[in-house]
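> Task: produce atomic coordinates for the following.
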Amino acid sequence: FYLFHGVPRDVVKFVTRAGLDSRLAANDNYYGSGVYLADDPEKAVVYANNASDPKGPRTLLLVRVVLGHAHLTSEMEKQVGRRAPCVEGHHDTVKLEIRRENGVEEVKEQISPRACMHVECHSMIANPPEGRVSRSTKQPQVDNIPCREFLVYSHTQCYPEYVIHLEPR
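Modelled structure (predicted):
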């Protein structure tokens with residue numbers, strides 16, 4: 001598959017040298033931690049803004065992606081974990097331990113692996129439910145773009161093949 005991934009312009013050089021690394025992704029994303037991609041460039045471009053110039057030029061990557069055995073979902077529930085769910089849709093769980101010592105708060109994340117023995121999927125494809133659009137994000141324009149999201153959990157599954165620079169009109 002070829003899919004789009006939006007990146008701020010200031011990280012393009014790093015990504016083209018090191019690749020898209022799912023291990024660096026935040027774990028509080030909607031479908032868990034991994035590399036998020038879209039088949040619609042309009043969805044991906046929302047994530048390509050630069051904090052210093054939000055209306056300025058944007059950059060998309062056209063990424064060659066190996067999805068393998070994909071888990072399909074239309075659930076809008078937040079899912080957690082750094083691994084793909086199993087074929088039955090079971091996910092890892094995350095527990096947060098918050099410690100306060102001398103006025104300093106420390107948050108420790110503990111991931112509990114799922115207990116099932118089902119075969120693990122390699123990726124996830126999230127289809128928006130009928131009549132609904134994609135999840136809410138900090139960028140309100142995403143809500144108007146009902147499209148699929150693709151998520152891979154290993155950096156070895158995606159290769160940024162082309163860089164596309166977009167200039168505002």
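> Please count neighbours and contacts with C-alpha atoms only from this point.
Will do.
> if I pick the residue sitting nearest the centre point of the chain, what's in contact with it?
Nearest to the centroid of the C-alpha atoms of the chain, with distances taken as CA atoms, centre = their mean, sits residue 36, at 2.8 Å. Under the criterion of CA atoms under 8 Å, 6 or more residues apart in numbering, the contact partners of residue 36 comprise 5, 149, 150, 151, 152.
> Quick check: of the residues you listed, which lies closest to residue 21?
When those are compared for distance to residue 21 (CA to CA), residue 152 comes out closest, at 10.0 Å.
> Next one: residue 10 from residue 99, what distance?
Between residue 10 and residue 99 the distance is 35 Å, computed by CA to CA, to the nearest Å.
> Surely residue 166 is in contact with residue 55?
No. Contact status for residue 166 versus residue 55: not in contact, 11.2 Å apart, counting by CA atoms under 8 Å.
> Ignoring the adjacent residues along the chain, who's closest to residue 160?
residue 63 (4.2 Å; CA to CA, 6 or more residues apart in numbering).
> host element of the one you found?
Residue 63 belongs to strand 58-65 when assigned by DSSP states H and E.
> send the alpha carbons of the very next helix or strand once past that strand over as PDB?
Later in the chain than strand 58-65, the nearest helix or strand by DSSP H and E is strand 70-73. Provided in PDB are the C-alpha atoms of strand 70-73 (Å, rounded to 0.1, in the frame of the first residue of the first chain):
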ATOM      1  CA  ALA A  70      -4.800  -6.100   9.600                       C
ATOM      2  CA  HIS A  71      -7.300  -5.700  12.400                       C
ATOM      3  CA  LEU A  72     -10.400  -3.900  11.100                       C
ATOM      4  CA  THR A  73     -12.400  -1.700  13.500                       C
END
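> and strand 70-73, average pLDDT?
Averaged over strand 70-73, pLDDT sits at 85.
> Check which helices and strands it is in contact with.
Judged by 3 or more CA pairs under 8 Å, 6 or more residues apart in numbering; DSSP states H and E, strand 70-73 is in contact with strand 123-126.
> What pairs with the strand it packs on, parallel or antiparallel?
Under the criterion DSSP bridges, strand 123-126 sits next to strand 70-73 (parallel), strand 149-152 (antiparallel) in its sheet.
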